[in-house]
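J.: What would the 3D arrangement of this be:
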Amino acid sequence: MHKLSLTAATICLAAQLTTAQIKLPSPSPGASVMQTVGTTDITVTYSRPSLKGRQPFTDSFVPVGKVWRTGANGATMFTTSTDLMVNGKTLAAGSYAIMSIPSQESYTLIFNKNKSVTEQTYKQEEDALRVQLTPAENSEKIETFTIGFSDVTDSTAKMNFMWANAKAAADLKVDVNTNAAANVDKAVVEKPDDAAVLQAAASYNLSKGRNLDQSLSWIDKSIAKQETYRNLFVKSQILAKMGKYTDALPIAQKALTMGQSSNDAAFSFFKDGIEKSIAEYTAKVPAMPAMKAGKGKKKA
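T.: Sure thing, here's the model as predicted:
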């Protein structure tokens, strides 16, 4: 009876602590890792079990060859702000539960649409994507299950799953140019009268040689809102990119004059570029045709 009463008291105490939302230590503490790859924000939220003398991927602890929630407690969550490629396959922007099937020869990585999925409720028909990873051996033993990112560039990264002496990595890739172009177009739609946004959007398109007619329209609107040596220089560059050096030259010259009198400390970073552009445009402006001898003279 005493034992029963103690158990009931323990249960009541646990319920009270839960209701009170008191933060207590967890055997598998929660963690979150966020990585930006180019224009894409990727976040993984999961719970981290530790070995504590056990060996994972055995029949008694995280069985091999069976679906695993890839962590502890609730489902491991993966969120990407844009579409991305995982091992060459497309995963649409959104949030997914990460499940996996670990084995010695192959590690199946699963992105499941059911964000509250467990091993018992998992359905393959709810998968958004499955890819195969090749497990490798870690040089050091990892006590606590870890998901992290490495080899990050402006468009690629590796997402690593590490535990004990095992490691599996997924190759991630984002289409930076497509995403950046979409961000530019969205920014102009949201702030169509912002001179700085219009200038930045026109500059991006110029750097990619993209939609120059639209870029010229944007920079003209930026200049109309607030004329500066910066947006004048951008306009001269767009015109030059379109082969209109005769139009580009006087605008670049005006940008230089305005910059020199602007008292803007940042102008020193633009000065050489503007002067070089003026020299380039001058060299490419067609020479004025010489007047023919006697042209314009009245006959005697």
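J.: Low-confidence stretches in the stretch 101-250 of the chain?
T.: Residues of the stretch 101-250 of the chain meeting the criterion pLDDT under 70: none.
J.: So which residues of it form strands?
T.: Listed in chain order, the strands of the stretch 101-250 of the chain (DSSP state E, counting those that start in this stretch) span 107-112, 127-133, 136-150, 156-173.
J.: need those strands in JSON lines with distance to residue 246 and mean neighbour count, can you?
T.: C-betas here are computed from N, CA, C, even on glycine. Converted to JSON lines, the strands of the stretch 101-250 of the chain look like this (distance: least, C-beta to C-beta, whole Å; neighbours: other C-beta atoms under 10 Å):
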{"stretch": "strand 107-112", "distance to residue 246": "55", "mean neighbour count": "22"}
{"stretch": "strand 127-133", "distance to residue 246": "54", "mean neighbour count": "17"}
{"stretch": "strand 136-150", "distance to residue 246": "51", "mean neighbour count": "14"}
{"stretch": "strand 156-173", "distance to residue 246": "43", "mean neighbour count": "19"}
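J.: Same list, these, but as JSON lines with distance to residue 52 please.
T.: Shown next, in JSON lines, are the strands of the stretch 101-250 of the chain (distance: least, C-beta to C-beta, whole Å):
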{"stretch": "strand 107-112", "distance to residue 52": "23"}
{"stretch": "strand 127-133", "distance to residue 52": "26"}
{"stretch": "strand 136-150", "distance to residue 52": "8"}
{"stretch": "strand 156-173", "distance to residue 52": "12"}
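J.: what about those, which gets the closest to residue 45?
T.: strand 136-150 (9.6 Å; C-beta to C-beta).
J.: Can you dump the C-alpha atoms of stretch 34-44 in PDB for me?
T.: Output in PDB follows, covering the C-alpha atoms of stretch 34-44 (Å, rounded to 0.1, in the frame of the first residue of the first chain):
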ATOM      1  CA  MET A  34      20.500  26.700 -38.500                       C
ATOM      2  CA  GLN A  35      22.500  27.100 -41.600                       C
ATOM      3  CA  THR A  36      22.200  29.600 -44.400                       C
ATOM      4  CA  VAL A  37      23.300  28.300 -47.800                       C
ATOM      5  CA  GLY A  38      23.300  31.100 -50.300                       C
ATOM      6  CA  THR A  39      19.800  32.500 -50.300                       C
ATOM      7  CA  THR A  40      18.300  29.600 -48.300                       C
ATOM      8  CA  ASP A  41      17.800  29.300 -44.600                       C
ATOM      9  CA  ILE A  42      17.800  25.700 -43.300                       C
ATOM     10  CA  THR A  43      16.900  24.700 -39.700                       C
ATOM     11  CA  VAL A  44      16.900  21.300 -38.000                       C
END
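J.: Now do the buried residues in it.
T.: Neighbour-count burial for stretch 34-44, with 16 or more other C-beta atoms under 10 Å as criterion, is recorded at 35, 37, 38, 39, 40, 42, 44.
J.: likewise stretch 56-76?
T.: Neighbour-count burial for stretch 56-76 [16+ other C-beta under 10 Å]: 56, 57, 62, 67, 68, 69, 70, 71, 72, 74, 75, 76.
J.: That'll do, ta.
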